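A.B. asks: No sequence on hand, only this structure:
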């Protein structure tokens with residue numbers, strides 16, 4: 001956590017320094033004071049908490065979101081993230097392993113079966129950017145909050161060289177621990193929209209609270225229903241590269 005905070009602070013300070021270095025006199029650029037459509041492409045990393053930490057380790061995310069950014073720096077947007085990770089803390093296929101801990105294929109050979117984390121997070125959000133400079137009032141501290149759906153499961157990655165009947169497509173649902181439900185998301189960070197429109201990004205920390213529920217009526221390994229209610233927490237960093245579409249005073253005018 002200390003490393004995450006240190007990285008966040010360093011990137012924020014770097015953003016301020018970059019803004020000062022790249023800034024040119026205001027009259028060199030056309031200052032668009034109207035609305036902006038922001039196309040955002042994000043990458044980040046997350047650490048789990050509560051029930052999420054029991055099942056998974058750290059994960060990464062790749063996402064896309066679209067923001068409508070008003071002339072007064074209010075933000076309204078939609079966001080979609082794909083989550084992926086290598087650390088799975090629960091061995092859901094333990095009942096398929098032999099005494100030595102290996103899974104055997106139908107032909108008697110060893111099967112290399114990997115467990116992976118996969119997830120989706122969709123939300124709508126709103127918020128505001130608090131400008132830090134009069135010379136660039138479209139950049140500053142960005143704060144947003146949103147609500148949507150969080151879903152995650154354990155991906156059972158097959159060995160392409162062999163076949164295991166107990167892990168065929170029709171059986172995997174009995175092991176994957178699929179869960180989904182309502183999720184709340186909060187973000188705070190720094191957003192930079194350059195006056196010259198060439199460099200645009202945001203960096204910050206994000207928090208997710210998922211009020212999810214297991215969606216499998218029966219887990220093959222535990223012989224129990226998988227319908228438990230869960231509290232899934234995630235927190236981490238989010239770096240976004242932004243393509244702004246500037247909407248001028250003329251409603252038919254959009255510049256890049």
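C.D. replies: Cool, the structure landed. Only a predicted model underlies this, so the values are computations on that prediction, with no experimental measurement involved.
A.B. asks: got any ranges where the stretch 101-250 of the chain has weak pLDDT?
C.D. replies: 248-250 (pLDDT under 70).
A.B. asks: repeat that with 80
C.D. replies: 197, 247-250 (pLDDT under 80).
A.B. asks: And the strands in it?
C.D. replies: For the stretch 101-250 of the chain, strands defined by DSSP state E, counting those that start in this stretch occupy the ranges 103-104, 110-111, 114-131, 140-157, 179-193, 200-214, 216-219, 224-226, 229-247.
A.B. asks: Put together a markdown table for the ones you listed, with mean neighbour count on each row.
C.D. replies: No exception for glycine: its C-beta is placed from N, CA and C like everyone else's. Output for those, formatted as a markdown table (neighbours: other CB atoms under 10 Å):
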| stretch | mean neighbour count |
| --- | --- |
| strand 103-104 | 17 |
| strand 110-111 | 17 |
| strand 114-131 | 18 |
| strand 140-157 | 19 |
| strand 179-193 | 20 |
| strand 200-214 | 20 |
| strand 216-219 | 14 |
| strand 224-226 | 14 |
| strand 229-247 | 18 |
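A.B. asks: Please name whichever of these is nearest to residue 33.
C.D. replies: Taking CB to CB, strand 229-247 is the member of the strands of the stretch 101-250 of the chain nearest to residue 33, at 9.9 Å.
A.B. asks: and the angle from that closest one to strand 200-214?
C.D. replies: Counting by axes from the mean of the first three to the mean of the last three CA atoms, to 10 degrees, strand 229-247 lies at 150 degrees to strand 200-214.
A.B. asks: wait, which of the strands of the stretch 101-250 of the chain is closest to residue 35?
C.D. replies: strand 229-247 (4.8 Å).
A.B. asks: now the closest one and strand 140-157, what's the angle there?
C.D. replies: Orientation check (the same axes, to 10 degrees): strand 229-247 against strand 140-157 gives 130 degrees.
A.B. asks: chain center to strand 229-247: distance?
C.D. replies: Centroid displacement of strand 229-247 relative to its chain, using CA atoms, centre = their mean, to the nearest Å, is 5 Å.
A.B. asks: Run me through the strand neighbours of that strand, direction for each.
C.D. replies: strand 36-50 (antiparallel), strand 200-214 (antiparallel), strand 254-255 (antiparallel) (DSSP bridges).
A.B. asks: relative orientation of that strand and strand 114-131 in degrees?
C.D. replies: Going by the same axes, to 10 degrees, strand 229-247 makes 50 degrees with strand 114-131.
A.B. asks: Mind listing the residues bridging to the closest residue to residue 148 other than its chain neighbours?
C.D. replies: Distances taken as CB to CB, 6 or more residues apart in numbering place residue 123 nearest to residue 148, at 2.9 Å, with adjacent residues excluded. Note on residue 123: beta-bridge partners residue 79, residue 148, judged by DSSP bridges.
A.B. asks: about what we covered before: want to try a markdown table for the strands paired with strand 229-247, with distance to residue 184 as columns?
C.D. replies: Shown next, in a markdown table, are the strands paired with strand 229-247 (distance: least, CB to CB, whole Å):
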| stretch | distance to residue 184 |
| --- | --- |
| strand 36-50 | 13 |
| strand 200-214 | 5 |
| strand 254-255 | 33 |
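A.B. asks: returning to what we had before: can you tell me how far the residue nearest to residue 148 is from residue 67?
C.D. replies: According to CB to CB, to the nearest Å, residue 123 stands 12 Å off from residue 67.
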